[in-house]
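[1] sequence first, then the predicted structure:
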Amino acid sequence: MLAFLFCKGLPLPSPIGRNLGSLNTHFRFLLDFAPVFQTRRFSSIEVAEKLGKCSFTESYLINSCGLSPASAKSASKYVHFRDSANPDLVLSFLRNHGFTNAHISRVVRSFPRVLLFDAKKTVLPKFEFFNSIGISGADLATLISRNPSVLGRSLNKQIIPCYDFLKTHLVHDKIVAKSLIKRSWVLLQNLQKDLSPNISVLRGVGVPDSLIRYMLVGLSESLCLDTNKFKKKVENVLSMGFNPSKYAFLEAIKCWPSKKAWQLKRDAYKSWGLSEDELWLAFRKDPKFMASSIKKVTGVLDFLVNKMGWHPVAVARVPSVFNFSLKERIIPRCSVLRVLRLKGLMKKEIAVSSVVISSEKCFLDRFVFRYQEHAPQLLSIFQGKLHILELDLLFKEETGAKLK
């Protein structure tokens, strides 16, 4: 039975009499959570046994918190305990507040010290505060599991001042809550020091408060930049002609590339025959274009240029295409177009924007429903129900029929 509770070779603490109670407590706790961590506990222990001896702390992290042996070993460098009494209370407390197995594993893996906290004195007041501003249950679990070290910060000196700063600008608790859930890392920042100067910079160039509030809800990391660096970004964006009163201005600040990132992306686009001027033109049309990874851009260009026959410049003139999923949107829509071309139903040149950017209703009306009598498989292709191999076979059959 001990093989299920502790790693191989784990020494039992002494005196024995005192620790039997602790062992029984730990055993009862494991039984309570057996349905939850059962599969992971058995497999993890087998691995742990192969690795050799491990401490009581590591054993507990594996058995009761769902950590892998490697994660438990790493976490045990920052936390140590000889019995499970307090950790059991912490885990029970988290569960009672809506934390799932995944939440608990993530919290303990990232911030193992939480197992040493007095749940009622240290954690409860913070949970009560979050509840008071509309963050509870699954939302609270999401916020904490994304940045568990928030639990180690002072409620009065850190968390509440962050809330007060956001409340001043965002006004409504519901909006503040939404912002904190999405970007819980801000609870680790000195917002008054980091954000106030940058907000002043935005106001100084004419960005309206409505857009500043919008930016605060999203809280992009660019807003927390050193003020001199932030000011330089704003100047660069202004020099490109972006209007400070428009949302695109904020997007341009958020997506403005570092010097290194720009050089890498410039070289990648250059390999497709695109000039630096064409890239900046694309950025002016849609700043989010610059946020796409080189891998994503290469995949989209490879498909649209090599498979569909559009010129790279024609694609770059519609930079929004890089914001869409290649697998879920671009390939299904372009596959519909390929079938129409192979069947001779679509002979004129179609713009990239008409295929990729148009709304679902417009695309269906123009390219699917209109030709369904002649090509009944179009809807299935659009919905992605045909496997890529089936599509290739279909294209070959259509090509062969056309040649005959």
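    Right, received. Where do you want to start?
[2] so where is this structure shaky, pLDDT-wise?
    The chain contains residues with pLDDT under 70 at 1-53, 219, 387-404.
[3] care to break it down by domain?
    The record's domain parsing of the chain by automatic domain parsing lists 1-113, 117-190, 195-256, 259-403.
[4] switch the ones you listed over to JSON lines; also include mean neighbour count.
    Every C-beta, even on glycine, is put in place using the N, C-alpha and C of the backbone. Shown next, in JSON lines, are the domains of the chain (neighbours: other CB atoms under 10 Å):
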{"stretch": "domain 1-113", "mean neighbour count": "17"}
{"stretch": "domain 117-190", "mean neighbour count": "17"}
{"stretch": "domain 195-256", "mean neighbour count": "16"}
{"stretch": "domain 259-403", "mean neighbour count": "15"}
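[5] outside of stretch 293-303, which residues touch it?
    264-265, 268-269, 272, 312, 315, 321-322, 326, 330-331, 334 (CB atoms under 8 Å, 6 or more residues apart in numbering).
[6] Tyr78: which of those is nearest?
    Tyr78 has its nearest neighbour among those in Leu264, at 35.8 Å by CB to CB.
[7] quick check: which element contains the closest one?
    Following DSSP states H and E, one finds Leu264 within helix 259-270.
[8] pull the CA atoms of that helix into CSV?
    What follows is helix 259-270 as a C-alpha-only set of coordinates in CSV (Å, rounded to 0.1, in the frame of the first residue of the first chain):
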residue,chain,number,x,y,z
LYS,A,259,14.5,46.3,-34.5
LYS,A,260,15.4,42.6,-34.4
ALA,A,261,11.9,41.4,-35.1
TRP,A,262,11.6,43.8,-38.1
GLN,A,263,14.9,42.6,-39.6
LEU,A,264,13.8,39.0,-39.3
LYS,A,265,10.4,39.6,-40.9
ARG,A,266,11.8,41.9,-43.6
ASP,A,267,14.2,39.1,-44.6
ALA,A,268,11.4,36.6,-44.6
TYR,A,269,9.1,38.7,-46.8
LYS,A,270,12.0,39.7,-49.0
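[9] all further residue positions should be reported with the first residue as 784.
    Happy to do that; since the first residue is 784 now, the last one works out to helix 1042-1053.
[10] how far does it sit from its chain's centre?
    Counting by CA atoms, centre = their mean, to the nearest Å, helix 1042-1053 is centred 24 Å from the centre of its parent chain.
[11] so what's Ala921 closest to, chain neighbours aside?
    Nearest residue to Ala921, sequence neighbours excluded (CB to CB, 6 or more residues apart in numbering): Gly881, at 5.7 Å.
[12] touching, that neighbour and Ile918? I think so.
    No - between Gly881 and Ile918 there is no contact under CB atoms under 8 Å: 10.9 Å.
[13] distance of Ser838 relative to Lys856?
    9 Å (CB to CB, to the nearest Å).
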